[in-house]
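>>> Just the structure for this:
(chains A, B, C and D)
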Number of protein chains: 2
Amino acid sequence: MKPRTRQKVLEVIESLGYIPNKTARIFKSGKSYILGLVISQAHISEVMSNAGFQAQFKGLTEKAHKEGYNILIITSAEGDAYSYFEVIKNQLADGFIIFSPSQNDTLTSLLDEAEIPYVFNMKYSDNPQDRYYVSSDDFEGGYIAAKYLLDLNHTDIRMLVGSVKGSMLSFNVERINGFKKALAQYGVPFKEEMIVPIIGQMDQSYNAIYQLFQTQKPSALLISNEITTVAALNYFADQGYRVPQDVSIIGFGPSEFFRTLRPNLTNVGYDISWTSSKLVDLLLQRIEGKTPSFEMPKKPELVIRDSTARLRQE
Amino acid sequence: MKPRTRQKVLEVIESLGYIPNKTARIFKSGKSYILGLVISQAHISEVMSNAGFQAQFKGLTEKAHKEGYNILIITSAEGDAYSYFEVIKNQLADGFIIFSPSQNDTLTSLLDEAEIPYVFNMKYSDNPQDRYYVSSDDFEGGYIAAKYLLDLNHTDIRMLVGSVKGSMLSFNVERINGFKKALAQYGVPFKEEMIVPIIGQMDQSYNAIYQLFQTQKPSALLISNEITTVAALNYFADQGYRVPQDVSIIGFGPSEFFRTLRPNLTNVGYDISWTSSKLVDLLLQRIEGKTPSFEMPKKPELVIRDSTARLRQE
DNA sequence: CTGTTAGCGCATTCAA
DNA sequence: TTGAATGCGCTAACAG
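As a prediction, the model looks like this:
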C-alpha cells in the first residue's frame, strides 16, 4: 500500500470519527476476549467483604488484563446448577470462572455437554471429573498451623471452619485432615467438638464465637476464614481477652491482610495471586482447546507474628 | 402456531442441545446488556481493598442485575484520557461507568463526540459539562463531623484527605469547605496545617500518620478514607495511644464498615448502595436516550460511636 | 496493491 | 401459519 493512500485513509477515519464496531468483530471472529466470572446474587455480598476474595479478584483481573482479556461479572439470581447454566449459556464470554456456592456435579455435566470452557474457583468434590480448578495444599496448611500450636503446648484447640448448609467445602476438609495428622503425631486425641462449623459473615461469626466461649475456654483457635478471624479479634477485644496471652489465633489466607490486623496475626499464608493467575492460564488453555497442564498445588507458608504464644502450664 | 408443532420444535431444540448464539443476537439487536466499569490497572489494587469501593461495587452489581445487566470490568493499562478512550471504544458495553484517577475533561469530550453513554463514579470538576455522576452532600459531611468535634471542645483538629499528585478530589474539597464552615461558626481560626494530604494506602498512610505525630499532637482527626482510618487505628494501637481518650477519630464512608473496627468508630455514614443504584439509573437513562433526571445529593448522617470523646480542658 | 464479494447467526420482513 | 429472503458490520478470500 502506498504511504500516501494509507495516510489519506487514516485522515478520513479520523475526520468521520469512525469507530469499528466491536460487536461485529466479535461476531465474525467468535472471540470476545471476555472471561465471565459467575457468582450468585446471594453470595456476592459475603464474598466481596472477604479479604481472600479481594486478593483473588485482583489476581484474576490483573492476569486477564495481561492476556488481553476483561472480566465480566455475571450474577445469577439463584445459586443452583440450572440457574447458573441459564445465565452462562446466555453470555458471550469465551470462558467462565465459576464461584459456586457448593458442590456442583450437575453444573459440570451441563457445561461439558454444551462444550463451554470453564474453571472453578476451588475444588468442589472428590469426583475425578472435577479437575478444573487450582488449589493450594490445604492439607499442609492445616498441618503446619496445628503443629505450630502443639509445639507451643496448646492441646485445647478449636478449628473454626465455614460450612454451607451443614456441608463442608473441600479445602476445609483438607485443612481438618492436616489438623488431625498433627494431633495424631503429638498423641493428642481428636474430639469432634474441636471442629466448629461457622457461618463466615461478621455478625454470625461473632455470635458463634460468643456462644463457643460461653461454655468452653480453648487456649487456641485455627480460623479458616478471614471475616471470622476479624470477628474473633473483635470479640476478644470487647471481652477483654488478650491475644496471645489468653488465646492464640492462627488465620488462613493472604498474608498481607493479616498484617493489617492488631495484633499482627500469625497465619498460614496463601499465594492467591499465583493461584488466580494459574486459574486464568487453565481457562485460557481450555478456551484454546489445548490439553490443560495441571499444576501441583502450591505449599502455603506459616507466617509467625504476634497472635500466638506458648501456653503456660498451670 | 399449532401447539403440536411448537412441542416438536422444542423437542428438537432440546435434543440437539441448541443454544442461541448470544453474539449474533447482540450484533443484530445492538444491545449487549453489559455495563463497562472502567478502571486503570494501577488503581485497581488501591480501590479493591477500600471498603467504600466494595460497597459501591456491590451496589452497582446488584442494581445492574436487577435491571438485567451485567458488569464488565475493563482495565486500562494507563490512567490518562486517551488510554481510557482507547479501551472504551474497543468494548461492546452499552454504557460505561468510569473510575477515573483524576479530573478528566479531555475524556469527557472524546466520549461525547463519539456519543458513548457514560457516567463517572464521582464529581471530577466544577465544569458544568461534568454532570454525569451521583454525589453525596460532602459539604454537609465535612460540616457535621467538624461541628461534632467542636461541640466536644476539640479545636486542634487535622483533616486527613487523599490527594493524587497534589491535586484534591472534588468531594474532598467539599468536605474541607464544610470543615471550614464549622470552624468559622465556632470562631476557631483555620490554619493550612489542619489539612493533611495523604496517600490512601495502608503503609503510606501509616507512615504519614507517624510523621504527623512526631511533630504535632492534635486532639482529633477527621479521616476521609477508610484505609487511612485503619492505618491510624493501627498506629495508635502500636504506640499505646488510647482512642478516644487520647485522640478522637471520625471516619467517612459506609457505616457498616466502621462498626467492624475496634473501637467502634464514630463516622459520617454515606448510603453508598443508594448512590450506586442511582448511578446505574443515570447511565441507563443515557443509554435509552432519555434526558436524565438529576437527583439531589443525599445527606450523610453522623453516626456517633466510641471513637470520639469530650476534650478535657487542661 | 486495490476492489469486490461471501458469509458469520440471528431477527425481521415479506410472500406464499 | 409457515417458508424464504434480507441485512446488521466486519473479515477473509479472491479476482482484477
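>>> helix/strand/coil for A:Gly162?
strand (DSSP: H, G, I helix; E, B strand; the rest coil).
>>> show me the contacts for the closest residue to it other than its chain neighbours.
With sequence-adjacent residues excluded and distances taken as Cβ to Cβ, 6 or more residues apart in numbering or on different chains, A:Gly162 is closest to A:Gly200, at 4.1 Å. In short, each C-beta sits where N, CA and C put it, glycine included. Applying Cβ atoms under 8 Å, 6 or more residues apart in numbering or on different chains, we find A:Gly200 in contact with A:46, A:50, A:162, A:225, A:227-228.
>>> So which of these is the closest to chain B?
Using Cβ to the nearest Cβ, A:Ile227 comes nearest to chain B of these, at 8.8 Å.
>>> May I have the phi/psi pair for the residue nearest to A:Gly162?
The phi/psi pair for A:Gly200 (degrees, to the nearest 10) reads phi -80, psi 30.
>>> Check the burial of the closest residue to A:Ile195 other than its chain neighbours by counting its neighbours.
The spatially closest residue to A:Ile195, leaving aside those adjacent along the chain, is A:Met159, at 5.5 Å (Cβ to Cβ, 6+ apart). The tally of other residues near A:Met159 (other Cβ atoms under 10 Å in any protein chain shown) stands at 26.
>>> secondary structure class for A:Met159?
strand.
>>> Distance check, it against DNA strand C.
50 Å (Cβ to the nearest atom of the strand, to the nearest Å).
>>> And the helices in the stretch 101-250 of chain A, which stretches?
Using DSSP state H, counting those that start in this stretch, the helices found in the stretch 101-250 of chain A span residues A:105-114, A:138-151, A:170-185, A:202-215, A:226-239.
>>> List the contacts of the residue nearest to A:Asp137 when sequence neighbours are not counted.
Distance criterion Cβ to Cβ, 6+ apart; nearest residue to A:Asp137, sequence neighbours excluded, is A:Pro297 at 4.4 Å. Shown in contact with A:Pro297 (Cβ under 8 Å, 6+ apart): A:134-138.
>>> For those residues, pick the one with the most neighbours.
Busiest of the contacts of A:Pro297 [other Cβ under 10 Å] is A:Asp138, holding 26 neighbours.
>>> ok, now which ones touch A:Ile249?
A:220-221, A:223, A:229, A:232-233, A:243, A:265-266, A:307-308.
>>> ok, of the contacts of A:Pro297, which one's closest to B:Gly289?
Nearest to B:Gly289 out of the contacts of A:Pro297 is A:Val134 (Cβ to Cβ; 44.4 Å).
>>> Might one say that that closest one is in contact with A:Leu282?
Yes. With contacts counted by Cβ atoms under 8 Å, A:Val134 reaches A:Leu282, the gap being 6.3 Å.
>>> what do these two both touch?
Joint contacts of A:Val134 and A:Leu282 (Cβ under 8 Å, 6+ apart) are A:Val119.
>>> thinking again about what came up before, tell me the most packed of the contacts of A:Ile249, by neighbour count.
A:Ile223 (30 neighbours).
>>> now whichever strand or helix holds A:Phe96, how far from the centre of its chain.
Following DSSP states H and E, the helix or strand that holds A:Phe96 is strand A:95-99. Its chain's C-alpha centre and that of strand A:95-99 lie 13 Å apart, by Cα atoms, centre = their mean, to the nearest Å.
>>> Check stretch A:72-85 too.
On the basis of Cα atoms, centre = their mean, stretch A:72-85 sits 18 Å off its chain's mean C-alpha point.
>>> any residues touching it, and which ones?
By Cβ under 8 Å, 6+ apart, stretch A:72-85 touches A:34-44, A:86-88, A:91, A:93, A:96, A:98, A:100-102, A:104, A:106-107, A:110-111, A:114, B:34, B:61-62, B:64-65, B:70-73.
>>> Dump it to CSV, restricted to CA.
Extracted C-alpha coordinates of stretch A:72-85, given in CSV (Å, rounded to 0.1, in the frame of the first residue of the first chain):
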residue,chain,number,x,y,z
LEU,A,72,-17.4,-9.9,33.1
ILE,A,73,-19.2,-10.3,36.4
ILE,A,74,-22.2,-12.5,35.7
THR,A,75,-24.7,-12.5,38.6
SER,A,76,-27.1,-15.4,38.9
ALA,A,77,-30.2,-14.8,40.9
GLU,A,78,-30.1,-18.3,42.4
GLY,A,79,-27.2,-20.5,43.2
ASP,A,80,-28.3,-23.8,41.8
ALA,A,81,-26.9,-25.6,38.8
TYR,A,82,-29.7,-24.8,36.4
SER,A,83,-29.8,-21.1,37.2
TYR,A,84,-26.1,-20.9,36.7
PHE,A,85,-26.3,-22.8,33.4
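>>> in it, what counts as buried?
Across stretch A:72-85, burial judged by 16 or more other Cβ atoms under 10 Å in any protein chain shown covers A:72-76, A:79-81, A:83-85.
>>> Which among the contacts of stretch A:72-85 count as buried?
Buried members of the contacts of stretch A:72-85, counted by 16+ other Cβ under 10 Å: A:34-41, A:43-44, A:87-88, A:91, A:93, A:96, A:98, A:100-101, A:104, A:107, A:110-111, B:34, B:61-62, B:64-65, B:70-73.
>>> out of those, which are inside helices?
Using DSSP state H, A:41, A:43-44, A:87-88, A:107, A:110-111, B:61-62, B:64-65 are the members of the buried ones among the contacts of stretch A:72-85 that sit in helices.
>>> can you tell me which of the residues you listed lies nearest to A:Ser248?
A:His43 (31.2 Å).
>>> Now do the same contact list for the closest residue to A:Ile73 other than its chain neighbours.
Closest residue to A:Ile73 apart from its sequence neighbours, by Cβ to Cβ, 6+ apart: B:Ile71 at 4.6 Å. Contact partners of B:Ile71, counting by Cβ under 8 Å, 6+ apart, are A:72-73, B:34-37, B:60-61, B:64, B:97.
>>> I'd like these as CSV, with distance to B:Leu212 appended.
Output for those, formatted as CSV (distance: Cβ to Cβ, whole Å):
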residue, distance to B:Leu212
A:Leu72, 43
A:Ile73, 39
B:Ile34, 44
B:Leu35, 40
B:Gly36, 39
B:Leu37, 34
B:Leu60, 34
B:Thr61, 37
B:Ala64, 40
B:Ile97, 35
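>>> The helices of the stretch 101-250 of chain A: which one's closest to B:Leu16?
With Cβ to Cβ as the measure, helix A:105-114 is the member of the helices of the stretch 101-250 of chain A nearest B:Leu16 (11.2 Å).
>>> who's in contact with A:Ala184?
Contacts of A:Ala184 were listed using Cβ under 8 Å, 6+ apart, and they are A:Phe190.
>>> State the distance from it to A:Val119.
Counting by Cβ to Cβ, to the nearest Å, the separation of A:Ala184 from A:Val119 is 34 Å.
>>> interface residues of the stretch 101-250 of chain A facing DNA strand C?
On the criterion Cβ under 7 Å from any atom of the strand, DNA strand C has no neighbours in the stretch 101-250 of chain A.
>>> List the residues that contact the closest residue to A:Asn127 other than its chain neighbours.
The shortest distance from A:Asn127 to any non-neighbouring residue, by Cβ to Cβ, 6+ apart, is to A:Asp105 (6.0 Å). Residues counted as contacts of A:Asp105 (Cβ under 8 Å, 6+ apart) are A:125, A:127, A:129-130.
>>> and if you look at A:Val247?
A:Val247 makes contact with A:218-221, A:236, A:241 under the criterion Cβ under 8 Å, 6+ apart.
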